[in-house]
Structure formats: structure tokens, C-alpha cells
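# Here is a sequence together with a model predicted from it:
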Amino acid sequence: MTEPDCLLSRQPIYCSAMKVAAYELRSHIGDATPQTIFGICTDASLDLIVGEHPGLVYLTAESLAQRMWKGVSKSRVMFGYQDSFDPPDPIAQQLCELAAEGYRLTLSSGLSSKSLALLNSPEHTIKVDVTRYLPDEIEKRVAELRNFKLKIMAENVDTYDDLEFCKAIEFDYYQGHFLCKPAAQKQRVSVNRFTTIRLLSKLQDAQIPIPEVEQLVSHDVSLSYKLLRYVNSAGVSLPRAVNSIGHAVRLIGMDTLRAWASALLLSTVDNKPRELMTIALVRARMCELLAEAVPNAQKESYLSAGLLSVLDALLDCPMEEAVAELPLADNIKRALVEGSGPIGQALRCAIAYERADWDDVQFYGLAPAPIREKYLEAIAWTRHLSSGLLN
């Protein structure tokens, strides 16, 4: 991507098992042309953003009429159209053409029965914005939609209460920010999860001596085994065998070991979807990269704030309560609780970009393009780290 004003982020779409089924691409094209987004769908940028998952790209009447979708991979991209249409409309015929070509479509729940009947196939999905209906209205609308063969997605599911309600109605897919929110009813935190988080927070101490790191990690047999196995793998390609955590620190550096250990720790948290770990790692790397714009910044503190920005969701409690008993530096705690200071600004920028809140994507005067590149690099870093360590 070379367009200076074009911003692009991804929003996960989950199946009923809370695994990622696809990513919706959201864009802010600035002075770029609509063709920019379709160009991304036909080059390596798409794989960088969505990985092995399909991407959902929304069409406009203009892009449909101009058939900008021509040449886009059917297996890699689904198309969405969020406005209403009637069967005689040119839009309806153009969408039917897309479907006949083998593309999967996502449509608005506000369509009439006659319009839905045109595209009545389990290959296509209807998106229901749950914030636009009262609970009984949602149940009624979903019951009506079940008369068709279409899949049904719940959109704007932003709390765990919303998620539980929608799961009871048995939507096929779910989209929203619920994953990064604590449950309304605080769950009993297992000893395993709390021990993991305490170790995670201790590892973020920039002043921690190497012997203490070695001791902390070595006490967790599973963690130390996985780290040493990865350090000695072909993917890392060190010139000699590594037989201890201290030896690993000396060869690869404390920052690298901290990132690897943190990723492994996040992956072991029970009863939370793996995508929460992915979100934390992307935020962490993006914050670390944003720190390059801050004079004399301690980049490891920015990375730590990003990693720990999902603590409230992991512990199912308010962030202030989550960090109260953890051995974190005050500037990291303030960034997490108040969003204050340079670290808090970086974290706010990373979260705004992640959620496509484009008006809030700003940090230390950086232009849009460098921020976009840091986000894309954070995704690539996370994918590389996850595939090597966790698979």
C-alpha cells in the first residue's frame, strides 16, 4: 500500500465456537480512490491483513455498477452490501450477478422478504445490528430470517450480556468488541489464570535482572520447555544449542525473550478465545512501534501496556481493580487505567486504529501512512510469533 491517506483495519467475525471465521476490512480512503481497496484484495496486502481467513469487503452502488470486484478471489473475499434494494432495482441484478459468479454475500437485515428470496442460499449471510432492536424484536426478526436458508450474523455485540443473549437465539456468527470487555458478572478467577497474569506482569519490569527472569520462567516447567524448544527450532536458527533460559537471554536479548514468554503465557489463559491473545499482541507491537516517535521512550513499557490492555477481559473485572495488586510501573498503570501519558496516548491510538475509529487515530503528529504501516507490521509480527511459538 502506497496511498498516503488510506487507512485499513480488520474486525474479527466469530463463529459459534468463538473462533475467527473471517475478518471484515474497514477503511478510510482519504484522497485515495475506491479502487484502492479492491487493489488490496488482489495483492499480497490481503494475506498480510487477514492471513488464512477470508476478508469481508463492503461494496457501494458505484463499485457494483463499475464491477470493481472483477478479478477478486472468490475463496479469499466475501462482499457486503448494507443498503436496501428491491427486486427490480439495478443493484439487485448486480448482486445476483455477483452471486452467480460464486461470490459469498453479506446483506442487511432490513431487506424485504422478496429481496431476500433473490439470494436465498446458505452461502450468503444476513447481518443484524442488535443495537437497533429491542430484545423481543431481535428474537422476532431472527425467527423471520430463519425461514430462509441464509446464515445470520449478530453485529455490534459489544458486551458479554449481549453475547449471551445472542448465543441463546443461536446466531451463526458474531461481531463486536465483547471479547475485550469483562463479563458483567465477575467470574471466579482460577489460580492458574491469576498466577499466569502475575508472572506476565513481572516479566514487563524493564529493570528485572537476568537471573530473576531465569528463575521466574524456570519455575513454570511448561513455559520454560516451550521457550527452549522454540529457541532451538529451525525457525530461530541460532548458531548453537541453547540449554537454559539464561543462555537464551544472552543470545537473543531480554526484549525478544520477554515477547516470546508473554505470548506463550497469554496462550495458556483458560476459557478465553485465542483471538484475545492476538489482539493483545497486535496492540503491544503497535504501541512499541509508535514509541519510536517519542524522544527517549522506553519502548518495552509501550509493549507492556499493549500486552496488558486486555487484563480486564482476562480477569473479568474493571481495569483499575485488575492492575491494583500487580507489580507494574506507575506510568504503565496510568496508561491502562486512565489512558494518560505518552504510553496511554499510544495505547489509545492502537485501539482506535483496531476499531476503525479513524478520528482518534493520531499520535505525536504522525501522518496516517506511518501509523498504518505500524499496524500492518504489528499484524505480521504477531502472526510470525504465533505460528512459530504456538503451532
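Thanks, I have the structure now.
# and Leu315, how far is that from Ala65?
Between Leu315 and Ala65 the distance, using CB to CB, to the nearest Å, works out to 50 Å. (Each C-beta comes from the backbone N, C-alpha and C, glycine too.)
# of the two, who's got more company?
When Leu315 is set against Ala65 and neighbours are counted by other CB atoms under 10 Å, the residue ahead is Leu315, at 21 against 12.
# Excluding sequence neighbours, find me the nearest residue to the more buried one.
Counting by CB to CB, 6 or more residues apart in numbering, Ala322 is the residue found nearest to Leu315 once chain neighbours are left out, at 4.8 Å.
# which residues does that neighbour contact?
Contacts were defined as CB atoms under 8 Å, 6 or more residues apart in numbering; by that measure Ala322 touches 311-312, 314-315.
# tell me the two of the residues you listed that are most distant?
When CB to CB is used, the two most widely separated members of the contacts of Ala322 are Asp312 and Leu314, lying 7.3 Å apart.
# Of the two, give the one with the bigger neighbour count.
Remark: of Asp312 and Leu314, Leu314 carries more neighbours, 24 against 20, as counted by other CB under 10 Å.
# Val282 versus the more buried one, what's the distance?
Counting by CB to CB, the gap between Leu314 and Val282 amounts to 16 Å.
# how about the strands in this protein?
Here the chain has its strands, by DSSP state E, at 7-15, 20-28, 55-58, 77-81, 105-108, 125-129, 151-155, 173-174.
# would you turn those into JSON lines with mean neighbour count, distance to Pro327 and mean pLDDT?
Converted to JSON lines, these look like this (neighbours: other CB atoms under 10 Å; distance: least, CB to CB, whole Å; pLDDT from 0 to 100):
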{"stretch": "strand 7-15", "mean neighbour count": "21", "distance to Pro327": "32", "mean pLDDT": "95"}
{"stretch": "strand 20-28", "mean neighbour count": "20", "distance to Pro327": "33", "mean pLDDT": "93"}
{"stretch": "strand 55-58", "mean neighbour count": "22", "distance to Pro327": "41", "mean pLDDT": "93"}
{"stretch": "strand 77-81", "mean neighbour count": "22", "distance to Pro327": "45", "mean pLDDT": "95"}
{"stretch": "strand 105-108", "mean neighbour count": "22", "distance to Pro327": "46", "mean pLDDT": "96"}
{"stretch": "strand 125-129", "mean neighbour count": "21", "distance to Pro327": "42", "mean pLDDT": "97"}
{"stretch": "strand 151-155", "mean neighbour count": "23", "distance to Pro327": "39", "mean pLDDT": "98"}
{"stretch": "strand 173-174", "mean neighbour count": "22", "distance to Pro327": "36", "mean pLDDT": "98"}
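# okay if I get the ones you listed as TSV plus distance to Tyr353?
Listed next are the strands of the chain as TSV, based on distance: least, CB to CB, whole Å:
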stretch	distance to Tyr353
strand 7-15	6
strand 20-28	10
strand 55-58	17
strand 77-81	21
strand 105-108	23
strand 125-129	23
strand 151-155	20
strand 173-174	22
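# out of those, which comes closest to Leu366?
Minimum separation from Leu366 across these (CB to CB) falls at strand 7-15, 12.0 Å.
# Tell me the helices and strands packed up against that closest one.
With contacts defined as 3 or more CB pairs under 8 Å, 6 or more residues apart in numbering; DSSP states H and E, the packing partners of strand 7-15 are strand 20-28, helix 44-50, strand 173-174, helix 341-354, helix 368-390.
# change it to 6 Å
Packed against strand 7-15, as judged by 3 or more CB pairs under 6 Å, 6 or more residues apart in numbering; DSSP states H and E, are the following elements: strand 20-28.
# what residues does the strand it packs on touch?
7-13, 15, 37, 50, 53-57, 173, 275, 356, 358 (CB atoms under 6 Å, 6 or more residues apart in numbering).
# Per the annotation, how does this structure divide into domains?
7-180, 191-390 (automatic domain parsing).
# In terms of mean pLDDT, which of the ones you listed ranks lowest?
Within the domains of the chain, confidence is poorest for domain 191-390, with a mean of 87 (mean pLDDT).
# Now do that domain: distance to the chain's middle.
Here domain 191-390 is found 15 Å from its chain centre; the criterion is CA atoms, centre = their mean, to the nearest Å.
# To Arg334, which of the strands of the chain lies closest?
Distances from Arg334 to each of the strands of the chain were compared using CB to CB; the shortest belongs to strand 7-15, at 26.0 Å.
# What strands line up against the closest one, and which way round?
strand 20-28 (antiparallel), strand 173-174 (antiparallel) (DSSP bridges).
# TSV for those, including distance to Met153?
Formatted as TSV, the entries for these read as follows, by distance: least, CB to CB, whole Å:
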stretch	distance to Met153
strand 20-28	9
strand 173-174	4
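# who wins for proximity to Pro370 among those strands?
When the strands paired with strand 7-15 are compared for distance to Pro370 using CB to CB, the nearest one is strand 20-28, at 14.8 Å.
# What angle do helix 368-390 and the closest one make with each other?
Calculated by axes from the mean of the first three to the mean of the last three CA atoms, to 10 degrees, strand 20-28 forms an angle of 170 degrees with helix 368-390.
# Thr42 is nearest to which of the strands of the chain?
Proximity to Thr42 (CB to CB) singles out strand 77-81 among the strands of the chain, at 9.0 Å.
# Next, the angle strand 20-28 makes with that closest one.
If you take the same axes, to 10 degrees, strand 77-81 sits at 60 degrees to strand 20-28.
# Around Thr131, count how many other residues there are.
Neighbours of Thr131 (other CB under 10 Å): 12.
# Which residue is the nearest non-sequential neighbour of His124?
Counting by CB to CB, 6+ apart, the residue nearest His124 is Leu105, at 4.6 Å.
# quick one: buried residues of stretch 252-268?
252, 254, 257-267 (16 or more other CB atoms under 10 Å).
# Which two of those residues have the greatest separation?
Met254 and Ser267 (20.4 Å).
# For Val57, list each beta-bridge partner.
The bridge-partner assignment for Val57, based on DSSP bridges, gives Phe79.
# Could you check how far it is from Met277?
26 Å.
# One more: Ala183?
In this structure, Ala183 and Met277 are 18 Å apart, going by CB to CB.
# How about Ala22?
Noted for Ala22: a distance of 19 Å to Met277, by CB to CB.
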